[in-house]
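**Q** A predicted structure for the sequence below; I have some questions about it.
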Amino acid sequence: MDTPTKIAAMRRQAFGAVVLICVQVGLGMFVNLFVSIPRHRSGSQPSEFFGGSFRSVLWAISHGAIALVIHAALGLLLAIMVITIVARALSLGRRAVTTWSVLGALFAIGAGFNGASFLDYHNDVSSFLMTTLALGSLLCYAIVLYLPWTAKDAEITLST
């Protein structure tokens with residue numbers, strides 16, 4: 001695949017991440033306000049975070065309200081998506097794109113871990129951190145879309 005094609009694919013993926021993160025934040029707010037998550041169920045209050053979180057996410061997908069099912073499933077899809085964006089950014093060899101893509105991926109994955117933590121322990125701070133990290137990720141991918149991709153783009157950006 002030639003570089004212009006790779007750049008176009010990267011920009012489409014970054015835009016897809018922006019859209020999916022917006023959907024996730026909206027769904028997350030809906031779940032937080034209108035979905036009741038039982039405090040005593042598989043995975044809740046685990047002594048070991050990763051095993052408990054795995055059980056919590058499985059419970060959310062298999063037994064949760066439809067909004068929670070969609071939110072958890074899209075969160076897993078988003079995790080895969082941001083990892084592929086990092087791989088594509090690395091293949092382009094552009095430092096700024098790679099840096100912002102990695103940072104966006106770390107924020108998105110951090111948001112997912114805080115979502116699992118919220119399922120585990122029901123602490124409001126986990127919900128707050130999930131939203132804050134998701135918005136940080138959104139900003140990173142918006143920056144990826146705004147970065148100049150060619151010398152001509154850089155001239156346009158600098159002259160405006």
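**A** Cool, the structure landed. On a predicted model such as this, the values are computed, not experimentally measured, just so you know. Residues are numbered from 1 along each chain as shown.

**Q** State which helix of this protein is the longest.
**A** For the chain, the longest helix by residue count, based on DSSP state H, is helix 3-34.

**Q** So for that helix, what gets flagged as buried?
**A** Within helix 3-34, the residues that count as buried by 16 or more other CB atoms under 10 Å are 7, 10, 13-14, 17-18, 20-21, 24-25, 27-28, 31-32. (Glycine included, C-beta is placed from N, CA and C.)

**Q** Name the helix or strand for the residue nearest to the spatial centre of the chain, please.
**A** Centroid check for the chain by CA atoms, centre = their mean gives residue 108 as the closest residue, at 3.2 Å. According to DSSP states H and E, residue 108 maps onto helix 95-121.

**Q** hey, C-alpha coordinates of the next helix or strand after that helix in CSV?
**A** Next along the chain after helix 95-121, taking DSSP H and E as the criterion, comes helix 124-146. Extracted C-alpha coordinates of helix 124-146, given in CSV (Å, rounded to 0.1, in the frame of the first residue of the first chain):
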residue,chain,number,x,y,z
ASP,A,124,-17.9,6.9,41.4
VAL,A,125,-14.2,7.9,40.9
SER,A,126,-13.8,5.0,38.5
SER,A,127,-16.7,6.3,36.4
PHE,A,128,-15.2,9.8,36.5
LEU,A,129,-11.8,8.6,35.5
MET,A,130,-13.3,6.5,32.7
THR,A,131,-15.0,9.6,31.2
THR,A,132,-12.0,11.8,31.7
LEU,A,133,-9.6,9.3,30.0
ALA,A,134,-12.1,8.7,27.2
LEU,A,135,-12.2,12.5,26.5
GLY,A,136,-8.4,12.6,26.6
SER,A,137,-8.3,9.8,24.0
LEU,A,138,-10.9,11.7,21.9
LEU,A,139,-8.6,14.8,22.0
CYS,A,140,-5.6,12.7,21.0
TYR,A,141,-7.4,11.3,17.9
ALA,A,142,-8.7,14.7,17.0
ILE,A,143,-5.1,16.0,17.0
VAL,A,144,-4.1,13.0,14.8
LEU,A,145,-6.8,14.2,12.3
TYR,A,146,-5.6,17.8,12.5
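
**Q** For the protein, give me the ranges with low pLDDT.
**A** For the chain, applying pLDDT under 70 flags the ranges 1-2, 150-160.

**Q** Neighbours of residue 84, how many?
**A** Applying other CB atoms under 10 Å, we find 12 other residues in the vicinity of residue 84.

**Q** Please list all residues in contact with the nearest residue to residue 104 once chain neighbours are set aside.
**A** Counting by CB to CB, 6 or more residues apart in numbering, residue 104 lies nearest to residue 140, which is 3.2 Å off, once chain neighbours are set aside. Applying CB atoms under 8 Å, 6 or more residues apart in numbering to residue 140 gives the contacts 100, 101, 103, 104, 107.
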